[in-house]
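J.: I'd like to go over a predicted model; first the sequence, then the structure.
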Amino acid sequence: MSVVENEKDDAPKAVAAEEKRPRKRRRLDTSEEAPAAADAIATTEGDREDVHNIAEPPPPGRKSPTPPVALPSFPRPTRPDAPSKTTLALQGLDKALVEAELVDPAKTLLFSSELDPEDGTGLSEKARKRLKDLGITELFAVQTAVVPFLLSPDQMKSLYLPYHPPRDLCVSAPTGSGKTLAYALPIVEILSSRIVTRLRALIVLPTRDLVTQVRETFEAVAKGRGLKIGTATGQHSFAHEQAQLVADRSVPLQGGSSKVDVLICTPGRLMDHLNGTPNFSLQHLRFLVIDEADRLLAQSFQDWLAQVLAATRPPPTTDSATSAPSGLIPVPSHSSAIPRADALAPAFLHTFRDVPHVRTDIDEKRASSCQKLLFSATLTRDPAKTSALNLHDPKYFIVQTLTERQGADGHENGDGDAPVLDLVMERFSMPATLSEHMLVCESSVKPLMLFHLVHAHGVTNALVFTKSAESTSRLVRLLEFFEAARAAAEGGHSQIVAHAYSSDLYPSERKTILDKFKSQEIHILVCSDLISRGIDISHVSHVVSYDAPVDMRKYVHRVGRTARAGRSGDAWTLVEVQEARYFKTMLKEAGHLERVKRLRVSEKDVAPLQKAYESALSKLKETYGRSAT
Ligand SMILES: Nc1ncnc2c1ncn2[C@@H]1O[C@H](COP(=O)(O)OP(=O)(O)OP(=O)(O)O)[C@@H](O)[C@H]1O
């Protein structure tokens, strides 16, 4: 009984189980109908509906008809197109860099000497007048972008922006395009509103010579604006510099005690003051300029960048630091310094000793007001280097000739090249007024080739770059012997005066030599890469790379010593036969090979100089007591 009952009970369950069990898969029909039905299957949406219709199960009671003839066929998966070079090059880049604003180097902005809010420069009447006195009547391309960016809107002119920190700025613009004025002008404009002196602008440069040069620009622009400008390069004793930079060193002052508004310095000396000068403080910095940024970011000297950035930021406010009552900002460890309320930067006010700040929910976060400005003709795109700067919402400007790849608006054309691509691929922009040549020759005839070029082109204002201080002095001696031999043989010739310029010289000697070169008492300055960056000598008509530069950055900076500020200039590179392939590949990779024309010099061309040259060579051998070639 129980068995029957059980059977009865189980029956519906069995049916249900049967229903749940998946139907047996129908065998694919391979009958003759199949191809016809398969033809009906297509890949369009409409056709797919047909496929579903075919696959409908037969109505109940009917014998199963021919099952679906085939599974729908879909297009074979194909490999996607390989990503373009552009896509690959832009991978992993900072969004800000990808969205860089392109500036046409030909763009200029004429400004009137009267205040004109319409021109969008943001320049005050005083600044316009000063520029006019300096003979500057228009802004160059890089300045048309950077000056308004830093001067407008109006709130950006504040000395402190603790609740609304300013955007940082990265600028890549060709050599001689006026980058110095692009940052000096807005800095002077903004700092001129100050009442008390604090160290508010720090300009870091890689060499002493550049510090001197940038100081001259600042002094020229800031004349009559009441700002104090200082330098720190190690040229003077440390104590002397300390006395120039800091007013009171006797007691520690929390807000520092600066005697200058603007400090222009090399990173090494900056570190010395940061670590060794009492009351030297960077808490009030409104501007941190890193000129020749790619070179300076490559220098890890004493981890200078990290230390400088740390000194501009307010110290953290952790409750665990002291036994301050709950809700009160603890007194930081350096609280032994004497506070002066007005001397502390707003973002540092919580460090004010003995005046605890009651923290509330409506307290706004205060940040450093320091705006970082990076400049170079060969700006790095290395994310590792730029990330160390901790840039705040950076804006990039790239001054670069519009190529055929790009539209007039600077945005990419059909082939997908973004404006930033040239920077990413290290295809640096060169001055349009520069003409470039290379001369491939045996290393033994390089001096003769140089002398030929100098005389054939009547060169009297040239920089000649060599690979070392030793080859600099040998070349200068040889040129002196050559000029003397030539004058003796031919008589009546005015001689070319050459001088070596190297780091072995004392700063005062270097200044004298540069001054003589500027006044054209010296016609040719033979040097190493010491002055290949940044140095601005307007009348340099020729740059000769006597020893070919080893990388593109060096090439760009060397040749950029001529053709500055819209003037024309020539750059020649002497390339030894065995170096030619490497040099050309370097240019090609930088997309620059077509710009550098080949120069050919025949034996006939140099024949008139041969005798004097041989005489000079034997004199040099006597002097050095060994082979001179
Ligand atoms: N608006 C202007 N009008 C006339 N001359 C200018 C203007 N701006 C800059 N100059 C001049 O152009 C020259 C080059 O400027 P600067 O040295 O700033 O170039 P740079 O872009 O910093 O070059 P580099 O990359 O080689 O350092 C300087 O002699 C400067 O006085």
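T.: Noted; the coordinates are in hand.
J.: can you pull the domain assignment for this protein?
T.: 92-314+341-351+364-398, 434-626 (the TED database).
J.: and these, which one averages the lowest pLDDT?
T.: Ranked by mean pLDDT, the domains of the chain end with domain 92-314+341-351+364-398 at the bottom, a mean of 89.
J.: which strand or helix spans the nearest residue to Q302 once chain neighbours are set aside?
T.: Closest residue to Q302 apart from its sequence neighbours, by C-beta to C-beta, 6 or more residues apart in numbering: M271 at 4.8 Å. Bear in mind the C-beta positions are built from the backbone N, C-alpha and C, glycine included. Using DSSP states H and E, M271 maps to helix 267-276.
J.: skipping adjacent residues, who's closest to whichever residue of the stretch 501-629 of the chain sits closest to the ligand in space?
T.: At 3.2 Å from the ligand, A565 is the closest residue in the stretch 501-629 of the chain, using C-beta to the nearest ligand atom. The shortest distance from A565 to any non-neighbouring residue, by C-beta to C-beta, 6+ apart, is to G176 (5.5 Å).
J.: list the contacts for the one you found?
T.: By C-beta atoms under 8 Å, 6 or more residues apart in numbering, the contact set of G176 is P431, D536, G560, A563, R564, A565.
J.: ok, the spatially most central residue of the chain to K584 distance?
T.: Centroid-nearest residue in the chain: L379, 2.1 Å away (criterion: C-alpha atoms, centre = their mean). Separation of L379 from K584 (C-beta to C-beta, to the nearest Å): 25 Å.
J.: how much space between Q371 and the ligand?
T.: 19 Å (C-beta to the nearest ligand atom, to the nearest Å).
J.: tell me what that residue is bridged to.
T.: As for beta bridges, Q371 partners with F287 under DSSP bridges.
J.: hang on, it packs against L169?
T.: Yes: with contact defined as C-beta atoms under 8 Å, Q371 reaches L169; the gap is 7.2 Å.
J.: name the residues contacting each of these two.
T.: With C-beta under 8 Å, 6+ apart as the test, Q371 and L169 both reach L150.
J.: specify the local secondary structure of D294.
T.: At D294, secondary structure determined by DSSP: H, G, I helix; E, B strand; the rest coil is helix.
J.: what about it, how many neighbours?
T.: When neighbours are defined as other C-beta atoms under 10 Å, D294 has 21 of them.
J.: tell me who's in contact with it.
T.: D294 touches S376, T378, L379, T380, K385, R553, counting by C-beta under 8 Å, 6+ apart.
J.: the fourth one contacts L389, correct?
T.: No: using C-beta under 8 Å, T380 is not in contact with L389; the gap is 10.6 Å.
J.: between those two, which contacts overlap?
T.: L297.
J.: right, and the helix or strand after the longest helix along the chain?
T.: Scanning the chain for the longest helix, with DSSP state H as the assignment, gives helix 469-490. Counting by DSSP H and E, the next helix or strand C-terminal to helix 469-490 is strand 498-501.
J.: against S568, how distant is the residue nearest to A565?
T.: From G176 across to S568, the span is 11 Å (C-beta to C-beta).
J.: got the residues of the chain near the ligand?
T.: Proximity of the chain to the ligand, by C-beta under 6 Å from any ligand atom, involves residues 136, 138-140, 143, 173, 175-181, 377, 534, 536, 538, 560, 564-565.
J.: among these, which are in strands?
T.: E138, L139 (DSSP state E).
J.: derive a ChimeraX selection command for the buried subset of the residues of the chain next to the ligand.
T.: To isolate the buried ones among the residues of the chain next to the ligand in ChimeraX, judged by 16 or more other C-beta atoms under 10 Å, type:
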select :136,139,140,143,173,175,176,177,178,179,180,181,377,534,536,560,564
